[in-house]
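Q: need a structure here:
(chains A, B and C)
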Amino acid sequence: MRWSLIASTLIHTAILLAAVVVLPSPDEYDPVEDEAVPVEIVDVAEFSKRVASAKDGEEKVEKPAPKPEEEKLQVAPAPQKLPQVAELPPLDEVIDIPALTKQPEPEPEPEKQPEPKPKAEPEPKPAPKEVKTEPEKPKAARPRPRRKPKIAKKKPKKKRKFDADALTALLDKSAEKPLLQKKTEETGTPRKAKHDASGDDTVLSATERDWLIQRLSQCWIIPGGVKDAARLRVTVEYETDSTGHIVGNPRNVNAPSDEVGRIAGESAVRAVLDCAPYDRFETFKNHKFRVNFDPKTMLNG
Amino acid sequence: MRTEGRVLAAIRQFTMVLIVAVAGFLAPVHSAHAVIEIDITKGKVEPMPVAIPSFVGDPKFGPDIAGVISNNLRRSGLFNPLPPSSYIEQITSFSAAPRFGDWRIIKAQALLTGQVTVQGDGRLKAEFRLWDVLAQKQLTGFQFVTTPRNWRRIGHLISDAVYQRLTGEKGYFDTRVVYVSETGPKSKRVKKLTIMDQDGFNKRALTNGGDLVLTPRFSPTSQEITYMSYASGRPKVYLLNIETGQRELVSNDPSMSFSPRFSPDGQRVIMSLQRGGNSNIFTMDLRTRSTRQLTKTAAIDTAPSYAPDGRQVAFESDRAGSQQIYVMNSDGTNQRRISFGKGRYSTPVWSPRGDVIAFTKLSKGRFLIGVMRPDGSGERILTEGYHNEGPTWAPNGRVLMFFRETRGERGGAKLYSVDLTGYNEQEIKTGTWASDPAWSPLIQ
Amino acid sequence: MTRLLEGFKIVAIALALLGLAACSSKDKPDVAAVDVENATPGSQRDFTINVGDRVLFLVDQSTLTPQAQEILRRQATWLRQYGQVTIQVEGHADERGTREYNIALSARRAEASKNFLIAQGIEPGRVSTIAFGKERPVALCAEESCFSQNRRSVTVITAGAVAG
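A: The predicted model follows:
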């Protein structure tokens, strides 16, 4: 009994001594000696006069004080075109980025949300989990048969009947393109009219819909710093060609014209552009898209 | 006969082909009438990847200014400046359009290009363009001219322009912070008023440490600071001109005065005067020198803070038995308590946006920094710990700075900033212990 | 093994008890070990050692405890005896509060002590006050045992004391 007591005391002491010797002492700042500033006490009335006159909007008098000056910057906001860059090619058109930027298939990984601070008072918290498990139920449940597969089936049938070479020439993408574009020009207006007339929505399969939603959700970087999430609501429309690339410019259809509305629209357009080409499913090719971005469930200001 | 047959066959073939063609084209045209419509209700909440290559032109200012911008945007927590080692295109000319594809590959959403040159008269000229990499268009572009000594301010102004263009919020980078630097033993700290750029550079002491100085605040309209000092032997409120270093005693009243702030129009100083054990809130007009008493209680009324429109004042008072936050009209009428949570509330600071009031809360032996709406609702805690105190707002009302003390004889205070959402807390290194930070408005 | 643990426990308890014994109890009056012979009557040391120059306050309080009143009564007696002495009463606060409120609270404490002395017959003109908030702690550990020592008002002789 005694031996163990002695042993424990010795061991304790040894450990304590070791700790004192080995452990570093906590930080203490070495004072950084700043240059002392000579201070002058001014007569109260004189100072008030000076302050008052400065407030009357007079020009800032050049002070001979030996301090670095806060000289006024001349800020000349330039228009979009700066004089010396007149030779810049116009940047109005959207150049189709080659497919080498094609994104790898996105894994359906759980969205990583920043954890809300544990000590936060109960306030509207981001509820990402709820959003994730909430697919487009009403639309997916629609029982209407899809038109696209029928047409696709038609084509192979026709293939068998007619001259293979001629058809190959027709169905060759490069040959098809100019014809399609011509068709676009001819039927542009009526097509638009048809679109405006009714919500003639394509029904996607659940797989297609889920893939598209997941993909766009990953392409969309929500503008940080925007306080009111409702102001980020924007709809973007665009069209794809037969390769799934976007034709022309995606356009906002309802973004408010204020600063935040413009930012919301731009971020949505970037998302749409970044996710191109839309070639994962045949349905997405040669198609019109209308994407409604609305992060209201995500942000809490 | 044979040619006829061949012609007929050709015509038939052609017709069939035509039918196929029409059918083939009708299919996509027909489906193009239909629209794929989907709702996207979630996206990525992450700092926006941006690319900020060195500005072309001057070999020193070019990289340095880009560095200031990169640092500012990264510290805001809203942007992720991509490492230059990942850049594919090297920007060598400000007058050529970027190769957007190269920037898209590295996943930049926006690209900032710039040019800075020392002109013939010795002044610095800088210009920049902010590009949307995916839409391939210019978002904004500006030009600046100044003395070379002000080169950091160019970086801050560009940071503000980029921040505003991409978030819709005004920036806060062209600002300064005044604070109290502390040295020496904890029992007798040597305290000096010190001013620095919000990114920690250009530090300069404004007092020499001979007198104990506390709680400085910026004037919203002029290059002045108000603060409390023991220079006269007991706590008194002073004004200090940042440019000239000249100091003025604000009040000749023999009472002890402390806790001073400027009114939003810069015309008045509001503060506490202590008489007979009671501290009440007074305003003093800086031109006429007349004072006005706003609170008349036997309690401690202190730490006043104007709403940005100057019509109301938040303050702390222990008239109800413990420190709580009150709001009153700027003439002293309609004094009402707004804090009712469990704990004591102190140091109220009204946001420059007017939407919330930040405060220090003491609860169960812990110190917390939080915000609440001016009616007292919506209390939200941003940080908590052994000792956090004294929040101050960046001029855009989105970021706060405060100080945190570590405990014990070898402990001390350091400055931290945190976003209004409670995220992106980070230390502001100042080289010494530091407390009582106050954020300036955007530099005029 | 269990015997070793037993040993550990006993040593730990013993050390803890020793530690506790080292702490001063709250009820102990704030007077240091008396060294009467060396302090000249009417001197600063006489005041500090034999009378007690400071009183302590409870958390967030500026009311005088019975012990504080006792010490202030002794101070008043001494000050009546040495009528040429002028004093400044310093108010202080512990670090577990915010800066400006602590300035005000420490001012209240100084005023409370001053008013008590005046009520004991000391002329107001002899007594000035100053508030230091939490800026001048005397005990620096992060425990209540140190915080309580910092919640104080200290009577400092400004003039008129006998040398020695």
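
Q: C-alpha only now, for contacts and for neighbours.
A: Noted.

Q: residue ranges for the strands of chain C, please.
A: Applying DSSP state E to chain C gives strands spanning C:54-56, C:86-91, C:127-131, C:152-159.

Q: I meant the stretch 251-400 of chain B, not that one.
A: B:256-262, B:268-275, B:278-285, B:291-293, B:301-306, B:312-317, B:324-329, B:336-337, B:344-350, B:357-363, B:366-372, B:380-385, B:388-393, B:399-405 (DSSP state E, counting those that start in this stretch).

Q: before we move on, the earlier item: which one of the strands of chain C lies closest to chain A?
A: Chain A sits nearest to strand C:127-131 of all the strands of chain C, at 23.0 Å, using Cα to the nearest Cα.

Q: So which elements touch the closest one?
A: Contact partners of strand C:127-131 among helices and strands, from 3 or more Cα pairs under 8 Å, 6 or more residues apart in numbering or on different chains; DSSP states H and E: strand C:86-91, helix C:99-119.

Q: Of these, which is nearest chain B?
A: helix C:99-119 (4.2 Å).

Q: Could I get the CA-only coordinates of that closest one as CSV?
A: Presented in CSV, the C-alpha positions along helix C:99-119 are these (Å, rounded to 0.1, in the frame of the first residue of the first chain):
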residue,chain,number,x,y,z
ARG,C,99,-16.3,48.5,-21.0
GLU,C,100,-18.6,51.6,-20.8
TYR,C,101,-21.0,50.2,-18.4
ASN,C,102,-18.1,49.3,-16.2
ILE,C,103,-16.9,52.8,-16.3
ALA,C,104,-20.3,53.9,-15.0
LEU,C,105,-20.6,51.1,-12.5
SER,C,106,-17.2,51.8,-11.0
ALA,C,107,-18.1,55.5,-10.8
ARG,C,108,-21.2,54.5,-8.8
ARG,C,109,-19.0,52.5,-6.4
ALA,C,110,-16.7,55.4,-5.9
GLU,C,111,-19.6,57.7,-5.3
ALA,C,112,-21.1,55.2,-2.8
SER,C,113,-18.0,55.1,-0.8
LYS,C,114,-17.5,58.9,-1.0
ASN,C,115,-21.1,59.5,0.1
PHE,C,116,-20.6,57.2,3.1
LEU,C,117,-17.5,59.0,4.2
ILE,C,118,-19.3,62.4,3.9
ALA,C,119,-22.1,61.0,5.9
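
Q: is it anywhere near chain B?
A: Yes - judged by Cα under 8 Å from any Cα of the partner chain, helix C:99-119 and chain B are in contact via C:Glu100, C:Tyr101, C:Ala104, C:Leu105, C:Ala107, C:Arg108, C:Arg109, C:Ala110, C:Glu111, C:Ala112.

Q: Please identify the buried residues of that helix?
A: Residues C:99-118 are the ones in helix C:99-119 that count as buried (16 or more other Cα atoms under 10 Å in any protein chain shown).

Q: what do you get for stretch B:331-339?
A: Applying a neighbour-count criterion of 16+ other Cα under 10 Å, one finds B:Gly332, B:Gln335, B:Arg337, B:Ile338, B:Ser339 buried in stretch B:331-339.

Q: in stretch B:202-213, what's buried?
A: Within stretch B:202-213, judged by 16+ other Cα under 10 Å, the buried ones are B:Lys203, B:Arg204, B:Ala205, B:Leu206, B:Thr207, B:Asn208, B:Gly209, B:Leu212, B:Val213.

Q: so what pLDDT did the second one get?
A: In other words, B:Arg204. On the pLDDT scale, B:Arg204 is placed at 95.

Q: what ranges do the strands span in the stretch 1-150 of chain B?
A: Remark: strands assigned in the stretch 1-150 of chain B by DSSP E, counting those that start in this stretch are B:35-40, B:48-51, B:56-57, B:79-81, B:110-118, B:124-132, B:137-146.

Q: and the stretch 201-301 of chain A, which residues reach chain B?
A: Residues of the stretch 201-301 of chain A lying near chain B (Cα under 8 Å from any Cα): A:201-204, A:209, A:213, A:216-226, A:259-260, A:263, A:269-270, A:273-274, A:286-298, A:301.

Q: Narrow these to those that are buried.
A: Buried among these by 16+ other Cα under 10 Å: A:201-204, A:209, A:213, A:216-226, A:260, A:263, A:269-270, A:273-274, A:286-298.

Q: B:Thr295 - how many residues pack around it?
A: The tally of other residues near B:Thr295 (other Cα atoms under 10 Å in any protein chain shown) stands at 21.

Q: if I pick it, what's in contact with it?
A: Going by Cα atoms under 8 Å, 6 or more residues apart in numbering or on different chains, B:Thr295 touches B:Asn280, B:Ile281, B:Phe282, B:Asp301, B:Gly332.

Q: Which of the residues of the stretch 201-301 of chain A next to chain B fall in strands?
A: Using DSSP E, these in strands are A:Lys288, A:Phe289, A:Arg290, A:Val291, A:Asn292, A:Phe293.

Q: quick one: stretch C:49-68 to chain centroid distance?
A: 6 Å (Cα atoms, centre = their mean, to the nearest Å).

Q: CA-only coordinates of it in CSV, if you can.
A: Below are the C-alpha coordinates for stretch C:49-68, written out as CSV (Å, rounded to 0.1, in the frame of the first residue of the first chain):
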residue,chain,number,x,y,z
ILE,C,49,-2.2,48.7,6.8
ASN,C,50,-4.0,49.7,9.9
VAL,C,51,-7.2,51.1,8.5
GLY,C,52,-7.7,49.4,5.1
ASP,C,53,-7.8,51.4,1.9
ARG,C,54,-10.3,49.3,0.0
VAL,C,55,-13.7,47.9,0.1
LEU,C,56,-15.2,45.2,-2.1
PHE,C,57,-18.5,44.9,-3.9
LEU,C,58,-20.7,42.1,-5.0
VAL,C,59,-21.3,41.4,-8.7
ASP,C,60,-23.0,44.3,-10.5
GLN,C,61,-23.6,46.0,-7.2
SER,C,62,-22.6,49.3,-5.9
THR,C,63,-24.3,49.0,-2.5
LEU,C,64,-21.9,48.8,0.5
THR,C,65,-21.8,45.6,2.4
PRO,C,66,-21.6,45.6,6.2
GLN,C,67,-17.9,44.8,6.0
ALA,C,68,-17.4,47.7,3.5
